[in-house]
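**Q** the following block contains a protein sequence and its predicted model.
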Amino acid sequence: MRSILFIIQKEFLQIFRNKTMLPIIFMVPIVQLLILANAATFELKNINLSVIDYDNTLRSRELIRHFESSPFYSIIPTEQSVDKAVEKVHANKTDVVLVIPQGFEKDLDNVETPKVQLLVNAINGTSASLANAYTSQILIGYSKNIMLEKIGLNISKPPSINVKTNYWYNPELKYSHFMVPGILVVLVTIIGMFLTALNLVREKEIGTIEQINVTPIKRYQFIAGKLIPFWIIAMFELAFGLAIGKLLFDIPINGSLILLFSFAGVFLVLALGGGLLLSSSSSSQQQVMFLSFFFIIICILMSGIFTPVESMPNWAKTINYINPLYYFMKVNRMVLIKGANLADIRESFISISVLAVIVITFAILRYRKTT
């Protein structure tokens, strides 16, 4: 036990002497949370709209005012030409083109179905779908008002079903509440796996691992002394990130932090085992960086950080059964946002525990003190 404590002490001294390590531990969480929590969002807050009004009547101008009064739209001046508006779409200056044909007001007055045309820039399918939905909603609302006016009903009190919507867990629909827990998972994974692998390979490159190999230190003592410091640092990273998320983004913490940190502790055993496995298979920091990014990027993109796992194809869902980030991403959001208890995450807890035992065992067996 004393040997392990001496190795842990040596590792902490080495980490804090490294001028590049401290910025990674303390600055990376702040920078990533500030940038990604605000930039990585599917919220559509500004839609550039060009209007081609061939009718130029009271009704058509009234419809345009509905878009001008919306906080989600910015009207982009365009010549009365669809071709000119399409050029602005090609130049990414316009997201949606609304074409109001001649006879728009006449069709409304004659209680006929007026037609308008929407041209939507669909390079980004998600943004295009949202822009089309917002625009169609305004058009439908305007159409209903005209219909009520025509049949002589009081527009201020039209007969309707009163629908009251309650948004559970995230009542203000803040996307940062969804993203910040996901970003914390990425940060903990980077510390747990990436830095562990780099640290062990660095020992090979500078030759200090050869000095350790000739000492009477046993393999389990060396591995434990190497992995435990990064386990502690990663747990501190999670606590530090949660504090920043609460202070800057007011993320909800509805569940038990003890439960969350217990799950994170098991997850980190798996991540540390992955780092040890990668370092055993690499002879340089360049190699371990390539391997780490290869696996981390795949695991992150399939974990559900940006898109729901439920919308993925069946083969991707099957692969996610061995994706540790999928389990941690789901549990982190469930505990923080939904206030899940142990019974709610029991299956994920069992799965991550089994994966952790398999990976850390294989990594220890794969590591050779004489390499």
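**A** On my side now, so go ahead. Residues are numbered from 1 along each chain as shown.

**Q** scan this structure for its longest strand.
**A** Using DSSP state E, we find that the single longest strand of the chain is strand 47-53.

**Q** and the next helix or strand after that one, what does it pack onto?
**A** If you walk from strand 47-53 toward the C-terminus, the next helix or strand you reach (DSSP states H and E) is helix 58-68. Judged by 3 or more CB pairs under 8 Å, 6 or more residues apart in numbering; DSSP states H and E, helix 58-68 is in contact with strand 47-53, strand 73-75, strand 96-100, helix 104-109, helix 125-150. Yep, even glycine has a C-beta here, placed from its N, CA and C like the rest.

**Q** any weak-confidence spans in the stretch 51-200 of the chain?
**A** Within the stretch 51-200 of the chain, the segments meeting pLDDT under 70 span 111, 150-163.

**Q** quick one: the strands in the stretch 101-250 of the chain?
**A** Under the criterion DSSP state E, counting those that start in this stretch, the stretch 101-250 of the chain contains strands at 117-120.

**Q** counting neighbours, what do you get for Val99?
**A** Counted with other CB atoms under 10 Å, the burial measure for Val99 works out to 16 neighbours.

**Q** bridging residues for it?
**A** On DSSP bridges, the residues paired with Val99 through beta bridges are Ile52, Gln117.

**Q** for Asp53, see how far away it is.
**A** Distance of Val99 to Asp53, computed by CB to CB, to the nearest Å: 8 Å.

**Q** how about Val288?
**A** When distances are taken as CB to CB, Val288 and Asp53 turn out to be 61 Å apart.

**Q** more crowded one of the two?
**A** Neighbours were counted for Val288 and for Asp53 using other CB under 10 Å; Val288 has more, 25 against 18.

**Q** isn't that one up against Ser279?
**A** Yes: checked against CB atoms under 8 Å, the pair Val288 and Ser279 is within contact range at 5.8 Å.

**Q** what touches both of the two?
**A** Common neighbours of Val288 and Ser279, using CB atoms under 8 Å, 6 or more residues apart in numbering, are 197-198, 201.

**Q** buried among those? Make that a PyMOL selection.
**A** The following PyMOL selection, which keeps only the buried ones among those, applies the criterion 16 or more other CB atoms under 10 Å:
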select buried, resi 197+198+201
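
**Q** which residue, other than its chain neighbours, is closest to Leu173?
**A** If you skip the residues right next to it in sequence, Leu173 has Tyr167 as its closest partner in space, 6.1 Å away by CB to CB, 6 or more residues apart in numbering.

**Q** got it, and Lys246?
**A** Among residues not flanking Lys246 along the chain, Ile253 sits closest, at 6.6 Å (CB to CB, 6+ apart).

**Q** give me the pLDDT for the one you found.
**A** We note a pLDDT of 91 for Ile253 in this prediction.

**Q** ok, it to Ala239 distance?
**A** Counting by CB to CB, the separation of Ile253 from Ala239 is 12 Å.

**Q** one more: Val335?
**A** For Val335, the distance to Ala239 under the criterion CB to CB works out to 14 Å.

**Q** what's the pLDDT at Trp231?
**A** In this model, Trp231 is scored at 91, pLDDT.
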